[in-house]
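Peer 1: build me a model:
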Amino acid sequence: MRQQIIDLLSGKKIDSQPVFSGLIHVTTEGLESDALALHEAHHDAEKMARAAASTFKLTGIPSAALPLALCAPAAALGAELNFDAMGFPQVKRAVFQSTKEINKMESGKWGDGRIRIICEAIQFVREAVGKDVVISGIIPGPYTLLLYVCNAANLFTEMKKEPQMVMDALFHLSSFLAEIGNAYREAGADFITVHDMGGSPAFIGPAKYEQCVFPAEKALIGQLPGPRVLSVCGNVTKSLELLNQTGAEAVSIDQTTDVRAALEILKDTLLFGNVDPVATLWQGDDISITEAVRGAKEAGVDAVWPGCDLVIHTPVQNLVSMSKVSQK
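Peer 2: Okay, here's the model as predicted:
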C-alpha cells in the first residue's frame, strides 16, 4: 500500500482509494501501548518517532505524520509553549506585537533545535517502519503561523489599515516555512502537508483568503518539493477555484465541504477526505464509519482521509474499522 500511495501522490493512476492520513493521527491507546507520554514526545526524537508510528502498529493504517503538533515553527521563532492536559502545546503569548517586527527579522535568526529534533524523529520513523508507511511532514500555513506568533488584536487592525505590511510578513513566514518543509523532506518525509487551519477560507472568509492568505500560501507551496498536500478545515466550497491554483498536488477537505463540487473544480488536483474526525471516528460506531468511508469512496475521493487531526481519544478499534472498510 505504501508504494500505491507514493504512486498516487506522484500523479500515477492506481486501482484503489487508500485510507491514510497526512495529518496528526496519534491516540491515547497508541501512546499507552508504547508507554509514552505525549508531552515528553515533543522534546525527544526517539519518543516522537515511536508515537508517530504507534497508529500504524495498532491499526495497519500505512502512514505516520510528524511533528505531533503545529506549534513547532512558532517555538522556533521564540514562542513559549504551554502544554494542556492531553500533552498538546499551545503558544503562551505572542512573540511579535506587530507584523512590522517580523519583516525586520533576518533569515539567519530563524530556527532553533526543535526543528532538528523533528528531523531526527522523521529519520527514526523511516528506519523503523519506512518500508510500510508513507511519512508526512506537517507545517502550518503562513497565516496559521502568523496567528500563533503575532498579537491578534494588532494583527487584525493592521490587516485593515496596513494590508501590505501584513502581506510582507506572510511572505516572510512562507520562506521560513519552506526551509522547514525542505528540511523535513531531506530527513525522509515522503510528502509535505501544509495544514492551514487558521488560514482556511472557512475561518478567515473567502474575500480575505483571496486577498491575504492565497498569495502567501501559493508562494510557500511553490518553494516546497512535491508531493504537497494542502489541508483546509471547514466549508471551503466557495474557494475551491483558488485552492485549485495553489500548486498543491492534493487538497484535503473535511465533511462540511461539498465533495461533488470539489471534484468538479479540482479536476487536475487530487482530493483527499472527508471522514468526520469527531462525530464519526471518535464518537461513531462501525455502522457510521462504514457509511462515511463508503460515502467518501463512492463520491470519488482519491484517498480517504480524516477531515482533520484525530481527537487523541479516538478508539483504535474505530480506526481499524475505517481501514477494513476501505479494503472491501
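Peer 1: and the lengthiest helix in the chain, how far from the chain's centre?
Peer 2: Using DSSP state H, we find that the single longest helix of the chain is helix 163-187. The gap between where helix 163-187 is centred and where its chain is centred comes out at 15 Å by Cα atoms, centre = their mean, to the nearest Å.
Peer 1: just for the chain, where's the confidence low?
Peer 2: Under the criterion pLDDT under 70, the flagged ranges of the chain are 106-112, 326-328.
Peer 1: what residue is smack in the middle of it?
Peer 2: The structure's the chain has its C-alpha centroid closest to H195; by Cα atoms, centre = their mean the separation is 3.4 Å.
Peer 1: how far away is that one from V149?
Peer 2: According to Cβ to Cβ, to the nearest Å, H195 and V149 sit 16 Å apart. (Each C-beta comes from the backbone N, C-alpha and C, glycine too.)
Peer 1: excluding chain neighbours, what is closest to A219?
Peer 2: With sequence-adjacent residues excluded and distances taken as Cβ to Cβ, 6 or more residues apart in numbering, A219 is closest to S174, at 4.7 Å.
Peer 1: please tell me I have it right and that neighbour contacts V213.
Peer 2: No: taking Cβ atoms under 8 Å as the definition, S174 is not a contact partner of V213, at 10.5 Å.
Peer 1: which strand or helix spans L224?
Peer 2: In the assignment (DSSP states H and E), L224 maps to no helix and no strand.
Peer 1: C308 versus the nearest residue to it once chain neighbours are set aside, what's the distance?
Peer 2: The shortest distance from L224 to any residue that is not its chain neighbour, by Cβ to Cβ, 6+ apart, is 4.6 Å, and that residue is G181. For G181, the distance to C308 equals 20 Å [Cβ to Cβ].
Peer 1: same question for V26.
Peer 2: In this structure, V26 and C308 are 14 Å apart, going by Cβ to Cβ.
Peer 1: and if you look at F176?
Peer 2: 24 Å.
Peer 1: neighbour count: those two, which is higher?
Peer 2: In this comparison of F176 against C308, neighbours counted by other Cβ atoms under 10 Å, the higher total goes to C308 at 25 against 22.
Peer 1: that one reaches P277, doesn't it?
Peer 2: Yes: A contact is recorded between C308 and P277 when judged using Cβ under 8 Å, the distance being 5.1 Å.
Peer 1: now do the shared contacts for those two.
Peer 2: The overlap between the contact sets of C308 and P277 (Cβ atoms under 8 Å, 6 or more residues apart in numbering) consists of D254.
Peer 1: okay, now E186: neighbour count?
Peer 2: When neighbours are counted by other Cβ under 10 Å, E186 registers 13.
Peer 1: so what's it closest to, chain neighbours aside?
Peer 2: Closest residue to E186 apart from its sequence neighbours, by Cβ to Cβ, 6+ apart: C119 at 7.6 Å.
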